[in-house]
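Q: A predicted structure for the sequence below; I have some questions about it.
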Amino acid sequence: MTAAGHEPEISKRTTFAGRVALQQLQATRSAYRWMAEAAESAAQVLESSVGRTSVGPAAMGGTDRGWSGLRDLTRQMLVASDTNLKAGFDCAEQLLRASNPSEFLAIQAAYLRDQSQRSNQQIADLHRVAGGALSNSEAVPWRAPWTSPWAQAFAQGSGTSAIDKSFRRKSTRGLCQGRFHDISYVEWGEPDAERVVVCVHGLTRQARDFDVLAAALAAQGYRVVCPDVVGRGHSGWLKDPEAYGLPQYASDMALLIAHLGVETVDWVGTSMGGMIGMALAAAEGSPIRRLVVNDIGPFLPHAPVRAIGNNLLEAPPRYASLDEAQARLTRIHAPFGPLTEPQWRHLTEHSIVPDGSGGYRPHYDPGIGNAFRPGRVYDVTLWEMWDAIPCPVLLLRGESSELLLAETAQEMTRRGPRARLVTIPGCGHAPALLDADQVGIVVDWLGPAA
């Protein structure tokens with residue numbers, strides 16, 4: 001019995017969904033074909049070693065049905081193998097047709113739920129067959145339903161708890177004004193992978209914004225490092241709010257790269273993260289090999305910078321509930337694009353932390369807003385820095401972005417590193433890089449790690 005006829009043609013697919021579907025197939029095929037082969041081998045070994053002695057019938061309850069019962073058990077395992085293998089192929093075919101991360105996760109969640117139900121039924125069937133053969137009586141009903149850990153993870157929500165198992169949280173330390181602070185980061189992929197990508201978030205964001213992109217890059221063979229910039233997420237806070245700014249951020253990220261023990265890295269930066277990447281890439285002897293800049297540039301007009309600052313300065317110090325936080329996040333970050341509810345939930349869950357009194361607070365130091373106080377916001381012009389960047393650059397721009405103007409983006413393609421520009425429809429500042437198409441743009445530009 002085989003399910004070879006169900007295998008989809010995906011070997012030439014290079015999309016993220018295709019690669020994950022291939023992994024789905026390989027894992028399913030390996031697990032269940034191994035189970036079938038083990039069942040056949042066990043039956044052969046037992047029959048050849050003890051089946052023709054008194055031990056065999058005794059082991060099977062002293063009946064002449066012993067070996068037929070064992071063969072029934074083996075046959076039942078083969079049926080289960082074929083059923084599960086076909087389900088894995090069918091799931092992979094559906095994953096290939098997924099149009100966005102939400103649909104992708106929903107397909108995977110449905111597969112895992114169905115797999116859990118199939119497993120319960122198959123265990124009950126095996127128990128019935130084994131019970132009848134071993135005791136020559138009615139099988140004891142299977143009373144303890146089993147649910148796989150993956151199915152449990154998806155049953156809890158959007159599936160992000162399963163993602164949590166895919167990375168390692170680590171830290172190093174930075175220095176500011178005579179005081180050390182933690183620089184926390186999450187790391188994806190093999191820790192000894194030769195190629196490293198560093199993904200850095202925007203002003204009030206944190207490392208977990210890059211979960212989908214990081215997983216896709218790790219599948220390409222990269223080691224992916226996503227830091228919480230100082231004052232955000234799990235990283236430490238600075239004693240003096242005046243120190244929050246590009247010089248300190250760049251210094252911390254240079255230290256992080258040195259800590260990673262690599263000579264060069266590729267850099268993906270959204271908004272503030274892109275600005276940090278530009279500053280590092282422009283420095284003499286820079287370790288930045290390739291640079292992806294997401295909706296930021298060397299000219300920033302006053303008005304949108306002021307609006308971003310106002311959102312930060314006016315943020316509530318406390319939220320009564322996760323839903324309240326999500327409602328505000330969805331409103332002020334609407335330019336991220338038409339995200340699904342699970343995607344907004346994921347962003348929200350990592351944007352706040354319990355405040356100890358039953359509510360939540362923003363997951364950043366309010367002091368990062370110091371630079372946006374009245375009288376401190378103006379047009380920003382950094383063309384000299386841009387012109388000094390020697391590495392290849394991919395520039396992403398939300399089509400309605402007010403921070404990265406269309407004319408600025410076009411100028412960035414004509415001077416300095418002469419960036420390749422991709423405009424993201426349906427977004428402003430800044431594309432969230434959660435959509436499969438957006439992730440695919442970055443993954444395809446960087447290419448495989450090998």
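A: Received it, and whenever you're ready, just let me know what you need.
Q: C-alpha from now on. contacts and neighbour counts both.
A: Fine.
Q: just the CA atoms of stretch 331-351, as CSV, please.
A: Only the C-alpha atoms of stretch 331-351 are listed here, as CSV (Å, rounded to 0.1, in the frame of the first residue of the first chain):
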residue,chain,number,x,y,z
ARG,A,331,-5.8,52.0,14.4
ILE,A,332,-2.4,53.7,14.6
HIS,A,333,-0.6,51.0,12.5
ALA,A,334,-3.3,50.7,9.9
PRO,A,335,-0.7,51.6,7.2
PHE,A,336,1.0,48.3,7.9
GLY,A,337,-1.5,46.9,5.4
PRO,A,338,-4.7,44.8,5.4
LEU,A,339,-3.6,42.3,8.1
THR,A,340,-5.7,39.5,9.3
GLU,A,341,-7.1,39.3,12.9
PRO,A,342,-4.5,36.6,13.8
GLN,A,343,-1.7,38.8,12.5
TRP,A,344,-2.9,41.8,14.5
ARG,A,345,-3.2,39.6,17.5
HIS,A,346,0.4,38.3,17.1
LEU,A,347,1.7,41.9,16.8
THR,A,348,-0.3,42.9,19.8
GLU,A,349,0.7,40.0,22.0
HIS,A,350,4.3,41.0,21.7
SER,A,351,3.7,44.7,21.9
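Q: mind listing what's buried in that stretch?
A: 333, 335-337, 339, 342-351 (16 or more other C-alpha atoms under 10 Å).
Q: please apply the same query to stretch 307-327.
A: Residues of stretch 307-327 classed as buried by neighbour count (16+ other C-alpha under 10 Å): 308-309, 312-313, 315, 318-319, 322, 325-326.
Q: list the residues that contact the spatially closest residue to residue 241 that is not a sequence neighbour.
A: Counting by C-alpha to C-alpha, 6 or more residues apart in numbering, residue 241 lies nearest to residue 367, which is 5.0 Å off, once chain neighbours are set aside. For residue 367, the contacting residues are 231, 241, 244, by C-alpha atoms under 8 Å, 6 or more residues apart in numbering.
Q: same thing but 10 Å
A: Each residue near residue 367 by C-alpha atoms under 10 Å, 6 or more residues apart in numbering is listed here: 231, 237-244, 313.
Q: export these to a markdown table and tack on secondary structure, distance to residue 105 and pLDDT?
A: What follows is the contacts of residue 367, written out as a markdown table (DSSP: H, G, I helix; E, B strand; the rest coil; distance: C-alpha to C-alpha, whole Å; pLDDT from 0 to 100):
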| residue | secondary structure | distance to residue 105 | pLDDT |
| --- | --- | --- | --- |
| 231 | coil | 31 | 98 |
| 237 | coil | 35 | 98 |
| 238 | coil | 38 | 98 |
| 239 | coil | 41 | 96 |
| 240 | coil | 42 | 97 |
| 241 | helix | 40 | 96 |
| 242 | helix | 42 | 96 |
| 243 | helix | 41 | 97 |
| 244 | coil | 37 | 98 |
| 313 | helix | 35 | 95 |
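Q: for residue 91, state which of the residues you listed is nearest.
A: Within these, the smallest distance to residue 91 is 41.7 Å, found for residue 231 (C-alpha to C-alpha).
Q: could you pull up phi and psi at that closest one?
A: Residue 231 adopts backbone torsions of phi 90, psi 0, taken as degrees, to the nearest 10.
Q: number of residues surrounding the closest residue to it other than its chain neighbours?
A: Of all residues not flanking residue 231 in the chain, residue 237 sits nearest, at 4.4 Å (C-alpha to C-alpha, 6+ apart). Look at residue 237: counted by other C-alpha atoms under 10 Å, it has 22 neighbours.
Q: just to check, residue 237 is in contact with residue 363?
A: No: using C-alpha atoms under 10 Å as the test, residue 237 is too far from residue 363 to be in contact (11.0 Å).
Q: can you list residues touching both of those two?
A: With C-alpha under 10 Å, 6+ apart as the test, residue 237 and residue 363 both reach residue 231.
Q: returning to that earlier point: gap between the residue nearest to residue 231 and residue 399?
A: Per C-alpha to C-alpha, to the nearest Å, residue 237 is found 34 Å from residue 399.
Q: for residue 192, same thing?
A: Using C-alpha to C-alpha, residue 192 is found at 38 Å from residue 399.
Q: break the chain down into its structural domains.
A: Annotated domains of the chain cover 4-154, 160-446 [automatic domain parsing].
Q: ranking those by burial, who's on top?
A: Mean neighbour count (mean count of other C-alpha atoms under 10 Å) peaks for domain 160-446 among these, with a mean of 19.
Q: re the thing from before, now intersect the buried residues of stretch 331-351 with the strands, please.
A: Assigned to strands by DSSP state E, none of the buried residues of stretch 331-351 qualify.
Q: for the chain, what spans make up the strands?
A: Using DSSP E, strands in the chain cover 167-176, 179-188, 196-200, 223-227, 265-270, 288-294, 299-300, 352-354, 360-362, 380-381, 393-398, 420-424.
Q: what pairs with the second one, parallel or antiparallel?
A: The partner list of strand 179-188 in its sheet, established with DSSP bridges, is strand 167-176 (antiparallel), strand 223-227 (antiparallel).
Q: would you convert these into JSON lines that also reports distance to residue 115?
A: Converted to JSON lines, the strands paired with strand 179-188 look like this (distance: least, C-alpha to C-alpha, whole Å):
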{"stretch": "strand 167-176", "distance to residue 115": "25"}
{"stretch": "strand 223-227", "distance to residue 115": "31"}
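Q: just send the strands of the chain back as JSON lines, with distance to residue 212 and mean pLDDT too.
A: Formatted as JSON lines, the strands of the chain follow (distance: least, C-alpha to C-alpha, whole Å; pLDDT from 0 to 100):
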{"stretch": "strand 167-176", "distance to residue 212": "12", "mean pLDDT": "96"}
{"stretch": "strand 179-188", "distance to residue 212": "11", "mean pLDDT": "98"}
{"stretch": "strand 196-200", "distance to residue 212": "12", "mean pLDDT": "98"}
{"stretch": "strand 223-227", "distance to residue 212": "11", "mean pLDDT": "98"}
{"stretch": "strand 265-270", "distance to residue 212": "13", "mean pLDDT": "98"}
{"stretch": "strand 288-294", "distance to residue 212": "15", "mean pLDDT": "98"}
{"stretch": "strand 299-300", "distance to residue 212": "28", "mean pLDDT": "98"}
{"stretch": "strand 352-354", "distance to residue 212": "19", "mean pLDDT": "97"}
{"stretch": "strand 360-362", "distance to residue 212": "22", "mean pLDDT": "97"}
{"stretch": "strand 380-381", "distance to residue 212": "31", "mean pLDDT": "95"}
{"stretch": "strand 393-398", "distance to residue 212": "17", "mean pLDDT": "98"}
{"stretch": "strand 420-424", "distance to residue 212": "17", "mean pLDDT": "98"}
